[in-house]
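Enquirer: take this sequence and fold it.
(2 chains)
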There are 2 protein chains.
Amino acid sequence: MSNNPRPPKGMRDFLPADMLRRQYVINIISRLFETYGYEPLQTPVMELSQTLLGKYGEDAEKLIYYAQHPHSEEQLALRYDLTVPLARAFGSNEAKLSLPFKRYQIAPVWRAERPQRGRFREFFQCDADTVGVATMEADAECLALMIDAIATLGFRDFLVKVNNRKLLTGIGLYAGLEGEPLANLYRAIDKADKIGLDGVGRDLREGGLTEATVNKITTMLGTRATGQTGFAAARTTLATLQAQLGQIAIAAEGLAELGEVVSLLEAMAVPETYFDLDFTVVRGLGYYTGTIFEAVLTSADPEERVGSIAGGGRYDDLLGLFRKTSLPTVGLSLGLERLIAIMETRQMYPPQLNRTVVQVLVTVFNDTCKPQSLSFVSALRKAGIRTEIFMGGGKLGNQLKYADRKNISLVVIIGDEEIKNNVIKVKSLFAANGERNAQPQEQELALGNAVEVISALLNNNR
Amino acid sequence: MSNNPRPPKGMRDFLPADMLRRQYVINIISRLFETYGYEPLQTPVMELSQTLLGKYGEDAEKLIYYAQHPHSEEQLALRYDLTVPLARAFGSNEAKLSLPFKRYQIAPVWRAERPQRGRFREFFQCDADTVGVATMEADAECLALMIDAIATLGFRDFLVKVNNRKLLTGIGLYAGLEGEPLANLYRAIDKADKIGLDGVGRDLREGGLTEATVNKITTMLGTRATGQTGFAAARTTLATLQAQLGQIAIAAEGLAELGEVVSLLEAMAVPETYFDLDFTVVRGLGYYTGTIFEAVLTSADPEERVGSIAGGGRYDDLLGLFRKTSLPTVGLSLGLERLIAIMETRQMYPPQLNRTVVQVLVTVFNDTCKPQSLSFVSALRKAGIRTEIFMGGGKLGNQLKYADRKNISLVVIIGDEEIKNNVIKVKSLFAANGERNAQPQEQELALGNAVEVISALLNNNR
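Expert: Numbers count the residues shown, from 1 in each chain, chains lettered A, B, ... in the order given. I've put the predicted structure just below:
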């Protein structure tokens, strides 16, 4: 029928060895999301098309997948992100929810992008959002969580760069820009991570702004305290800008919000080495209204420095599309697929993270000994030890090779001799730290306490 | 824009309280799948249409959702189950996999059924399958796992009913049926759980079979050992049938396989009270080729007795649709949505399974005390305690009400007095066993070891 079977373009099968790595990362993140008080929410894969349309902008909308069945009475689409579905789900269920509503969702989304290396049409997003809090406590919590998550995964060379949309608007007003020219300014600044501040200035001049206007803008965008780092430096920087922009109400509001975020992060004892103000952060042209932030690697490897590994911000208007009045909302999104890929390249997974879930292979010596092997398998499983029985029979040597190929830590042998002596034999192919034993360790265990000993040997490693 | 927002028909949002119950069930099952040595596999939500078409039969195929994007170069469909995707994924990746390949997948599937109570268009399946083992060890393991899973969830009033397609074919041949009449026989027997064996007999007579033929069939299907239970009874029943059908090769093969399954289950010390042979089990008209089984509740409540809560069987031909030659395969599927619903009705969830992930709410006494609250929140989170800080300010009484409404176990208060005395105040709204304290317990803790004491108070309950 269908030979050369394959998944659709840009979509992937995750085999067990991949899954163990993905689950390792997802477990760390979801545990942390819950530690910060975010609750799990799950929305359907499909939404009504009208829920998604008109939310992402023209270019993004072209990437949406549509779905239907032969008797469709509804226009359906596959979710493009987890944010619009959150807004819709909040609108659908708010009678059952209380504010603030803090939720996380780790789930696939679909975008019909041109398939290319590292870019997929089905990929996971990993979001935590707070609905219903206007104050900066929610923004600061997102930043604390983002830093905690990336550090807990094992990264040390990263920076979370923070900005505020209100401040950007204020800088535009300060330079005399409003309406369309202001939108163009956002677009120009958005390229700063690729072309630098000089490049942004050049673009703005080419776009028709005067030398004086461009200088005003790039000076503001480039403001940085020198000789200090972390939160103290941030305060100095904000004070410098306040002196210049304090008269512009929206700028002053943005600066006050940033100042508040810094104070809150300090009170929460967030490590300041991972924090930076960066007024060139724009976060696309989307729905953000206040605080915006993104995390980048400070790695020397230029390939790793492309794009952000996480991002987020405040979007106080989106909920208003799904209820009478809007609700203030702020959230973060971790770039799960990028994080997983970089952790793979950098070999950041613990060695105990085996390539298989199986901890013990119980071999079958021969047909007469099989019942004893089966019975021992049940005893191991009852103790929660992840156990496989070798199926289909065959030479013991082949069964050992199977365990070795599959990276199973321990092999149990129960032959006629062992049954007679009420013992079992255990071979350790891998040590508890996940490393392969040069020479398999072999020992005989009394059947009576064999399960306990094996449990201790495995030391609950995975 | 879109007021009265809703998810598509037959699709659901799972709010946090639902999610905690679903995760509880899914965690038990996935841990058990891994304990039995099944590895996680994840396939895309969409498959090429050609992968799914022609696999499920005409009626089922009408329920498939199709998907596309404006520049589609592929015909896509949303997966209808997890079994055909497993077969496709094995075919796509077999160079990287070794046999036997044991995998599990717990994931949503889509079927455009007419929406009705308890039936959804997006629902989760929960499958474990073994590819590459022809012997009954794999079948017996599926049965052991199915019984273990349902019992571990807390059910005691269930039965896993086992049959074999080869035996059914043999009974048909014994009654002189082949080809179309044999298929009709399957269809008639498939209704036995609703209309009883008498009803099946009536249907067969109405279908044109002679009284003698019908009697032969219903006698065979109704064969049961009397005066015995469990594995011994099963052996007697199989011997009775062997005496009648032993000359029919395919029947003898089916009987031998069932006998082997019984012996293996006994060696694995599977509790026999949950095991039953039932020759009226057919499992639809699908791809099954040998062992078939389904789990039903033996509850007195007729509503709970409708349909099965789990099922599975051997399907040795399906893999052949995605590679040159087929591979023997056997698997089980737990009816996750039904299990979750029945557990809800029966209140089988542990009381500690709270309605929120949050264990501790740290209140904010006033703006001057806020930094101390924030700092304590960080300390709790560092210790892995799921903590929320009350955001947005307001009266302490309202903050306590919020915790109470949200079912948060502990509330921390840090006011001016507490800061002066280097202590914190803790109110226990819920006891560690999940029950609400009639009168909130209040105590003062020295700041120095407050995190440890709270950790002990929570006793790691969820």
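Enquirer: return the distance of stretch A:236-244 from the chain's centre.
Expert: Relative to the chain's own centre, stretch A:236-244 is displaced by 34 Å; criterion: C-alpha atoms, centre = their mean, to the nearest Å.
Enquirer: repeat for stretch A:185-205
Expert: 28 Å.
Enquirer: same question for stretch A:88-95.
Expert: 25 Å.
Enquirer: wait, does it contact chain B?
Expert: Yes - if you take C-beta under 8 Å from any C-beta of the partner chain as the test, stretch A:88-95 does meet chain B, through A:88-89, A:91-93. All C-beta atoms are positioned from the backbone trio N, CA, C, and that covers glycine.
Enquirer: so which strand or helix has residue A:209?
Expert: Assigned by DSSP states H and E, residue A:209 falls within no helix or strand.
Enquirer: for it, what are its contacts?
Expert: By C-beta atoms under 8 Å, 6 or more residues apart in numbering or on different chains, the residues touching residue A:209 are A:175, A:181, A:217.
Enquirer: hang on, the earlier thing: which of the residues of stretch A:88-95 next to chain B fall within strands?
Expert: Assigned to strands by DSSP state E, none of those qualify.
Enquirer: quick one: least confident of the contacts of residue A:209?
Expert: Within the set of the contacts of residue A:209, pLDDT is lowest for residue A:181 (84).
Enquirer: how far away is that residue from residue A:289?
Expert: With distances taken as C-beta to C-beta, to the nearest Å, residue A:181 is found 20 Å from residue A:289.
Enquirer: looking at the two, which has the bigger crowd around it?
Expert: Neighbours per residue, other C-beta atoms under 10 Å in any protein chain shown: of residue A:181 and residue A:289, the larger number sits with residue A:289, 20 against 16.
Enquirer: surely the more buried one forms part of a helix?
Expert: No - going by DSSP: H, G, I helix; E, B strand; the rest coil, the assignment for residue A:289 is coil, not a helix.
Enquirer: just the pLDDT at the residue nearest to it when sequence neighbours are not counted, thanks.
Expert: Leaving aside its sequence neighbours, residue A:289 sits nearest to residue A:316 (C-beta to C-beta, 6 or more residues apart in numbering or on different chains; 4.5 Å). On pLDDT, residue A:316 comes in at 95.
Enquirer: thought residue A:316 was touching residue A:257?
Expert: No - contact status for residue A:316 versus residue A:257: not in contact, 11.8 Å apart, counting by C-beta atoms under 8 Å.
Enquirer: shared neighbours, these two?
Expert: residue A:290.
Enquirer: comparing these two, which residue is more hemmed in?
Expert: With neighbours defined as other C-beta under 10 Å, residue A:316 and residue A:257 compare such that residue A:257 has more, 20 against 16.
Enquirer: OK, contacts around that one?
Expert: So residue A:257 contacts A:136, A:139, A:164, A:166, A:290-291 (C-beta under 8 Å, 6+ apart).
Enquirer: cool, and residue A:336?
Expert: By C-beta under 8 Å, 6+ apart, the contact set of residue A:336 is A:25-26, A:29, A:106, A:123-126.
Enquirer: tell me, how many residues neighbour the residue lying closest to residue A:359 once chain neighbours are set aside?
Expert: Residue nearest to residue A:359 in three dimensions, not counting chain neighbours: residue A:386, with 4.6 Å by C-beta to C-beta, 6+ apart. Residue A:386: 25 surrounding residues under other C-beta under 10 Å.
Enquirer: also residue A:348?
Expert: For residue A:348, using other C-beta under 10 Å, the count is 16.
Enquirer: and the one 3 residues further on, by the same measure?
Expert: Burial of residue A:351 is recorded as 13 neighbouring residues (other C-beta under 10 Å).
Enquirer: how about residue A:188?
Expert: 23.
Enquirer: for the helix or strand of chain A with the lowest mean pLDDT, packing partners?
Expert: When each helix and strand of chain A is scored by mean pLDDT, DSSP states H and E, helix A:180-189 comes last, with a mean of 86. For helix A:180-189, the elements it packs on are helix A:165-174, helix A:192-206, judged by 3 or more C-beta pairs under 8 Å, 6 or more residues apart in numbering or on different chains; DSSP states H and E.
Enquirer: where exactly do the helices run in the stretch 301-450 of chain A?
Expert: Secondary structure of the stretch 301-450 of chain A (DSSP state H, counting those that start in this stretch): helices located at A:336-345, A:370-382, A:396-405, A:416-421, A:450-458.
Enquirer: do the stretch 101-250 of chain A as well
Expert: A:136-152, A:165-174, A:180-189, A:192-206, A:211-221, A:230-245, A:249-267.
Enquirer: got the residues of the stretch 151-300 of chain A near chain B?
Expert: With C-beta under 8 Å from any C-beta as the criterion, the stretch 151-300 of chain A meets chain B at residues A:264, A:267-270.
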